[in-house]
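J.: need a structure here:
(chains A and B)
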Amino acid sequence: MSAARLVWLPPLAISAVLVLYPLALVLATPLAAPGGFAVLGSSLFLGALVRTVWIALCSTAGCLVLGFTLAVLIGFVPFRGAALAARLVDSIIALPTFLVALAFTFVYGAAGLLNGTLLALSEAGPHALPPVDFLYSQWGVVLAEVTVYTPFVLRPLLAAFAQLEPAQIEIAGSLGARPWRIVRRIVLPAALPALLAGGSLCLLLTVNEFGIVFFIGAKGVITLPLLVYDKAIQEFDYPAACAIAGVNLALSLALFATYRALLRIGTRGSGGRG
Amino acid sequence: MPALLARAVPWLFVAAFLAFVAAFMLAPMVTVLVQAVWGDHGPTLAYVRQLGEYRYATAFANSLILSAAAAAVGVVGGGLLAYALLRPGAPGWLRSAMTSFSAVAANFAGVPLAFAFISTLGTLGLLTAQLKRLGIDIYGLGFSLYSLGGLTLTYAYFQVPLMLIIITPALRGLRAEWRDAAENLGATVWQYWWRVGLPVLWPSLLAAFVLLFGNAFSAYATPYALTAGNIQLVPTEISNVLSGNVMESPQLGAALAAGMIVVMTAVLLVYWLAARKAARWRR
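T.: The predicted model follows:
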């Protein structure tokens, strides 16, 4: 090994300690405590695990569908305000996730704008209008997550569409291909790597999402990050919190590994590199 | 008729899209802004004025300093790390391991991260104790994990990997031929970076900084678990106001949230202006 390479060693060693030690500590804490992993057998944990995966899958699916539709509209259907709408969707990325959840409760919450208006209308009019309460369920969480994370799909998709030759679509159109066929045969294949990249990022983010779930505060909607918070802050049960955090980490890693494998398969056909 | 229908379908999608954007992106944000200036008896600036109180002004100042510092540390640290990993000589396994690790570490925040850092660098932490044995008393030297500096260090744990992830594609876009061409023309390494590398990367670096700034600005669980609210930050203050720890109104929460929106809009505006200038400059 040359001297130039040895220069890298000390900073690498220090960062390894600073980076790996905290992680190892979280994984080792439940090992050291008697019954540290007991929480992993509880129905509370198992319920949270299933719910976390379910919410993440639903949110990611929602982001993919919405993101793809939006990208096709913005990319291929010129309409006034498209640029403004894209910029608005884009700026959602910059906002704190919990702020979006908070804003949702201001509009759609029990004491929010919509229900306040419905109540006032009920009192004034002859018919009682039922309150809208979709927010305090896992679907409320999914909706908020779709709103927050769709830009993560939209951005790479728009970049991918910008590379697409417009002539290709025009020719297909002039040869009589219908819009749906063009989307399926030309647009979708071009979008696949971006969809995979955006989708996997959404999965990682939604599996670890805390702010949205916490601030919507739906009763009974407890995900793994929320359970970690409850165990550590409310019950001071660090071994249990660390055991759950360990599972959450493993889940993230497994999702990422699946994504890399999918990407390798997806790009093999086009000769690209993963 | 079918032709008319075919032409109408895209517009139906456009309408649905605009309705969704209006209902779930625009309306909530506008409501927050309106709530901030709307009291029980009509419009009022009382809540906005309350943001000038020492407690909330401090929270905004702390949040701004912390987010800027954590974003800077992330951009520099993650950028250099990504550059080192993408150099031709770097081993492939290390690159692959670091990418996977970053994907996980970028999401390793909140309570577990705070707990791990308290156990590592807290007053009784392992690293603190080891350094003390070597004669370096970091707390005696003025370091504290429960300060803005300590928070910045903790945030670096998820900011640096996040930067590594988002800047890698841009760094891959730097063509080796540009560098060869610059070298053939007699440019030094610094000249290459100053004249070619950085101008090409500038928009990506700016975008990354904005993303990292927003990420740090909105972090809630990590600072709460680490400092138990002893350091005022905007997200923890909003949570305090709304969860009833402080006897205040939801309008104050909305005013604080509106303040966050204003800060992020300002950051985005600066970013857009700079990106536009960079685009013109490159042309």
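J.: Report the closest residue of the stretch 101-250 of chain A relative to chain B.
T.: Distances between the stretch 101-250 of chain A and chain B by Cβ to the nearest Cβ are smallest at A:Ala103, namely 3.2 Å. In short, each C-beta sits where N, CA and C put it, glycine included.
J.: wait, I meant chain A
T.: A:Pro96 (2.6 Å).
J.: Please work out how many residues are found near that residue.
T.: When neighbours are counted by other Cβ atoms under 10 Å in any protein chain shown, A:Pro96 registers 26.
J.: The residue lying closest to it once chain neighbours are set aside and B:Ala182, how far apart?
T.: Among residues not flanking A:Pro96 along the chain, B:Ser218 sits closest, at 2.6 Å (Cβ to Cβ, 6 or more residues apart in numbering or on different chains). As judged by Cβ to Cβ, to the nearest Å, B:Ser218 and B:Ala182 stand 40 Å apart.
J.: the more surrounded of the two?
T.: With neighbours defined as other Cβ under 10 Å, B:Ser218 and B:Ala182 compare such that B:Ser218 has more, 21 against 18.
J.: quick one, what contacts residue 137?
T.: Reading this off chain A. Listed by Cβ atoms under 8 Å, 6 or more residues apart in numbering or on different chains, the contact set of A:Ser137 reads A:Ala218, A:Val221.
J.: wait, I meant chain B there
T.: B:Asp137 touches B:Leu131, counting by Cβ under 8 Å, 6+ apart.
J.: can you rerun that using 10 Å?
T.: B:Thr128, B:Leu131, B:Phe143 (Cβ atoms under 10 Å, 6 or more residues apart in numbering or on different chains).
J.: Would you double-check that the last one falls in a strand?
T.: No - according to DSSP: H, G, I helix; E, B strand; the rest coil, the state of B:Phe143 is coil, so it is not within a strand.
J.: didn't it look like it was pressed against B:Thr152?
T.: No - counting by Cβ atoms under 10 Å, B:Phe143 does not reach B:Thr152; the two are 11.5 Å apart.
J.: Who has more neighbours out of those two?
T.: Between B:Phe143 and B:Thr152, counted using other Cβ under 10 Å, the more crowded position is B:Thr152 (21 against 16).
J.: burial count for residue 256?
T.: As the question left the chain open, I've gone with chain A. A:Phe256 has 21 nearby residues by other Cβ under 10 Å.
J.: ah, I was thinking of chain B
T.: Using other Cβ under 10 Å: B:Leu256 sits among 28 other residues.
J.: Tell me who's in contact with the closest residue to it other than its chain neighbours.
T.: Leaving out its chain neighbours, the residue that sits closest to B:Leu256 by Cβ to Cβ, 6+ apart is B:Ile238, at 4.8 Å. Going by Cβ under 10 Å, 6+ apart, B:Ile238 touches A:96, A:98-99, A:102, A:215, B:59, B:220, B:252-257, B:259-260.
J.: where exactly do the helices run in the chain?
T.: Went with chain A since none was named. For chain A, the helices defined by DSSP state H cover A:3-6, A:9-32, A:43-76, A:82-94, A:97-108, A:113-124, A:138-163, A:166-174, A:179-182, A:188-207, A:211-216, A:224-229, A:238-268.
J.: meant chain B, my bad for not saying
T.: Counting by DSSP H, one finds helices in chain B at the ranges B:2-21, B:27-36, B:46-50, B:54-86, B:92-105, B:111-121, B:126-133, B:148-172, B:176-184, B:189-192, B:198-218, B:221-227, B:234-243, B:250-282.
J.: So which bits of the third one are buried?
T.: Neighbour-count burial for helix B:46-50, counted by 16 or more other Cβ atoms under 10 Å in any protein chain shown, picks out B:Tyr47, B:Val48, B:Gln50.
J.: ok, now the shortest one?
T.: In terms of neighbour count (16+ other Cβ under 10 Å), helix B:189-192 has its buried residues at B:Tyr192.
J.: again, but for the last one
T.: The neighbour-count criterion (16+ other Cβ under 10 Å) identifies B:250-261, B:263-264, B:267-268, B:271, B:274-275, B:278 as the buried residues of helix B:250-282.
J.: With stretch B:191-203 instead?
T.: For stretch B:191-203, the neighbour count (16+ other Cβ under 10 Å) marks B:Tyr192, B:Val196, B:Gly197, B:Val200, B:Leu201, B:Trp202, B:Pro203 as buried.
J.: Equivalent analysis for stretch B:213-230, please.
T.: B:213-227.
J.: And the residues you listed, which two are furthest apart?
T.: In terms of Cβ to Cβ, the buried residues of stretch B:213-230 reach their longest pairwise distance at B:Phe213 and B:Ala225, which sit 21.4 Å apart.
J.: how distant is stretch B:46-60 from the center of its chain?
T.: A distance of 23 Å separates the centroid of the chain from that of stretch B:46-60, by Cα atoms, centre = their mean, to the nearest Å.
J.: Can you verify my assumption that A:Val39 contacts A:Leu49?
T.: No - using Cβ under 10 Å, A:Val39 is not in contact with A:Leu49, being 11.2 Å away.
J.: Find residues that contact each of these two.
T.: A:Leu227, A:Ile244, A:Val247.
J.: neighbour-wise, which of the residues you listed leads?
T.: A:Ile244 (31 neighbours).
J.: So for that residue, what's the pLDDT?
T.: Each residue has a pLDDT score; the one for A:Ile244 is 91.
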